[in-house]
Structures are given as structure tokens and as C-alpha cells.
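Asks: Sequence and predicted structure, then a few things I'm wondering about:
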Amino acid sequence: MEKVLITGVAGGQGRLVARLAAERYEVVGVDRDQLVSFGDEAPFRVYVVDLMRRKFEDVIRHERPDAVVHLAFVRHFRTGVETRHKINVAGTKLLLDYCAEYGVRQLVVLSSAYAYGALPENPSYMSEDYPLNVSRTYPEVRDLAEVDTLCSSFLWQHPEVRTAILRPVNTLGDSVHSAIGRYLKRRWIPTILGFDPMMQFIHEEDLARAILVAIERKLRGIFNVAGPGAVPLHVAIEETGGVALNVPEQALRPLARRLFGLGLYPFPPGAIDFIKYPCTVSDSRFVAATGFKPKWSLLDIFAQLKAERHRDAA
């Protein structure tokens, strides 16, 4: 049985991938979070270790995994910019070095379709060859583009490691705590007056399956993972039980900047572009390579989030 090492295993997506992978592989998990309990029934080993520490190299050297799934990223804004950059970019660089040094044969990195950025000139469905423009208008997440570029360079520099970079769309589910999930769970949801961009969603379980498919098919390259379809933003808000609050951009952007600066709002003002302009992608390359089909429909994804909203309110 091949051995798969998963970084960021304590996160919601990491736990899903680990439990699914354990059905077919020997699984080793790594995470710096000591607060998550997997229980005695967890079918995999977990090391509590920071990727930036020497002990992480010891884990790689001792375990000698055949494949690595890299999920250990900070995607929220509760930490400072320097800390986020250190964990995401410097941590990924160390991981790539260890993969090359210790004979890892397969690497799957979970990037994001957000790396393309949300801009007015975006085509309807961007391919993997489209430039990563998120830094232009959303500097707080430039580390996402840096990580993606770093891994893309590694892909070509180290052909002995089959590297697959996955760029999924908005992810929803009970386990993950995505920015779009926090946005849609609000009762009153701010939108920009006059704008209603198309948006794509994928369920966390389907994304976990896509990651495992990338390992099984030994993929090499960059792949968008798009989910079951796209709907206008207002439809997503209605189907998840929220109420859209149309606000002029001239009022919303400075308000978001001030509230974010005071720690009263979880999203920087650059996030506003993602509810103003489309950031939709084509997954034709991934589908052609794997035949992947999501099991969760958009209606089912939205219904689950709506039910979760009701449970939180109870």
C-alpha cells in the first residue's frame, strides 16, 4: 500500500481527505494544531509539528511518503500578513525541497481559483493558462499567487515528482470554514448595487474526492476544479436563506476598510471585487484527465448551508 502524507490534516478539508484516503492508502497526517482530537478510531497517524521546524523534515525522512497532499495554508486574516506569508510561502518552499530530497513521487497542492483575481476583463470561464492577477486588486492574498507560482516552477524543475496543482472554486460544507461560507451564512448579506456576478461552488466532499483522484491518476500539471455549475450571486444568497442588502460601492468599500482595520469585519476591502466581478473557471482539463463528476448538486450544497445556518441560529 502506498503511503500518503497530508499537511494541514487538522483542518476540515484535511480531515475529509485523510479519512477518504485511509480507505486505500497508509495515511500520515501533519499539523501544527494541537487542539484537534481525531479520536482513538482515526485510521491514520498524526504528527503535531510545524512545517517550519526541523522536526517536520524528520517526519518526511522517517516516513518516506510516496505522495504528499499539501493543505497547510492560512486562508483567514486573523494572523498578521508576515506570519501568513511565512507559513504559506516559506513553509511551502521547505516542503517542496523535502519532496525533492526524500524521493516523494507524487505531490498534490491545493491552490485556489481566487488566484486569478476578480477583474472586469476576466473571460467567462478562465483556463489554467490565464494569468494570476489577484495581487493587482487584493494584495492581502498575494501569497496565494506566490505559492501557486512557486509550485508551478517546481513542477517543471523537478519532473521526477509528479506535481498537480489544483485550483478549486468556492468550497462549501459542514467541515470547512471558507470565506464564502462565512459570507453566505450572514442574515443580511451586503452586495454591490448594480452587480450580480456568476459564481461557482463545490462541496467539500467532492473536493476531497478530486484530490484523491489526482493521486490515483498520477496527475502532473495545473488543473481547475469547478464543481457542478455556476449561478448569479443573488441566487446563491436566496437559496442559502440570506437576504441581499444592495449597497453602493462608494459606501461599502470604505466601510469594509474601516471595520476590517478595527477587527470588526473578517474580510479586507479587496474581497469586495469577488462579489462585483466574475471569477469563473473552466475545468475541462481536469475532467478530460480524470472523468471527474461531482456528486453534490448546487441545490444540495445550498440546502446544506441553509440547514447549517438554522442550526447555528437555534
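Replies: That came through fine. Treat the numbers as computed from the prediction; the structure is a model and nothing was measured.

Asks: ok, residue 138 touching residue 268?
Replies: Yes: applying Cβ atoms under 8 Å as the test, residue 138 and residue 268 come out as touching, 7.3 Å apart. C-beta coordinates here come from the backbone N, C-alpha and C atoms, glycine included.

Asks: Those two - which one has more neighbours?
Replies: residue 138 (23 against 16; other Cβ atoms under 10 Å).

Asks: okay, residue 1: pLDDT?
Replies: pLDDT, residue 1: 63.

Asks: er, residue 6 actually
Replies: pLDDT for residue 6: 97.

Asks: residues contacting the residue lying closest to residue 177 once chain neighbours are set aside?
Replies: Using Cβ to Cβ, 6 or more residues apart in numbering and skipping residues adjacent in sequence, the residue nearest residue 177 is residue 12, 6.4 Å away. When the contact criterion is Cβ atoms under 8 Å, 6 or more residues apart in numbering, the partners of residue 12 are 173, 174, 175, 176, 177, 204.

Asks: so how far is residue 18 from the fourth one?
Replies: Right, the one you point to is residue 176. To residue 18, residue 176 is 14 Å away according to Cβ to Cβ, to the nearest Å.

Asks: Helices along the protein, start to end?
Replies: Assigned by DSSP state H, the chain shows helices spanning 12-21, 54-63, 81-85, 91-101, 134-137, 142-157, 179-184, 204-216, 233-239, 249-261, 284-290, 298-313.

Asks: Please name whichever of these is nearest to residue 2.
Replies: Among the helices of the chain, helix 204-216 comes nearest to residue 2, with 8.3 Å by Cβ to Cβ.

Asks: Packing partners of the closest one?
Replies: Here helix 204-216 touches helix 12-21, strand 67-70, strand 106-110, strand 162-168, strand 170-172, strand 221-225, helix 284-290, going by 3 or more Cβ pairs under 8 Å, 6 or more residues apart in numbering; DSSP states H and E.

Asks: tell me the contacts of the residue nearest to residue 55 when sequence neighbours are not counted?
Replies: Counting by Cβ to Cβ, 6+ apart, the nearest residue to residue 55 once its immediate chain neighbours are dropped is residue 49, at 4.7 Å. Under the criterion of Cβ under 8 Å, 6+ apart, the contact partners of residue 49 comprise 30, 31, 32, 55, 56, 59.

Asks: from these, which single one is nearest residue 156?
Replies: Taking Cβ to Cβ as the measure, residue 156 sits nearest to residue 56 out of the contacts of residue 49, at 24.9 Å.

Asks: The closest one and residue 30 touch, don't they?
Replies: Yes: because the distance of 6.7 Å satisfies Cβ under 8 Å, residue 56 is recorded as touching residue 30.

Asks: Name the residue in these two with the higher neighbour count.
Replies: Taking residue 56 and residue 30 together and counting by other Cβ under 10 Å, residue 30 has the greater number of neighbours (29 against 21).

Asks: Surely that one and residue 52 touch.
Replies: No: with contacts defined as Cβ under 8 Å, residue 30 does not count as touching residue 52, sitting 11.9 Å away.

Asks: Adding distance to residue 99, pLDDT and neighbour count, write the contacts of residue 12 out as JSON lines.
Replies: Listed next are these as JSON lines, based on distance: Cβ to Cβ, whole Å; pLDDT from 0 to 100; neighbours: other Cβ atoms under 10 Å:
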{"residue": "173", "distance to residue 99": "28", "pLDDT": "95", "neighbour count": "24"}
{"residue": "174", "distance to residue 99": "31", "pLDDT": "91", "neighbour count": "15"}
{"residue": "175", "distance to residue 99": "26", "pLDDT": "90", "neighbour count": "14"}
{"residue": "176", "distance to residue 99": "25", "pLDDT": "89", "neighbour count": "20"}
{"residue": "177", "distance to residue 99": "27", "pLDDT": "84", "neighbour count": "13"}
{"residue": "204", "distance to residue 99": "25", "pLDDT": "97", "neighbour count": "24"}
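
Asks: can you put those in TSV and add distance to residue 76?
Replies: Listed next are those as TSV, based on distance: Cβ to Cβ, whole Å:
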residue	distance to residue 76
173	16
174	18
175	15
176	12
177	8
204	16
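
Asks: Output the below-cut-off pLDDT ranges for the stretch 1-150 of the chain.
Replies: Low-confidence regions of the stretch 1-150 of the chain, defined here as pLDDT under 70, cover residues 1, 34-42.
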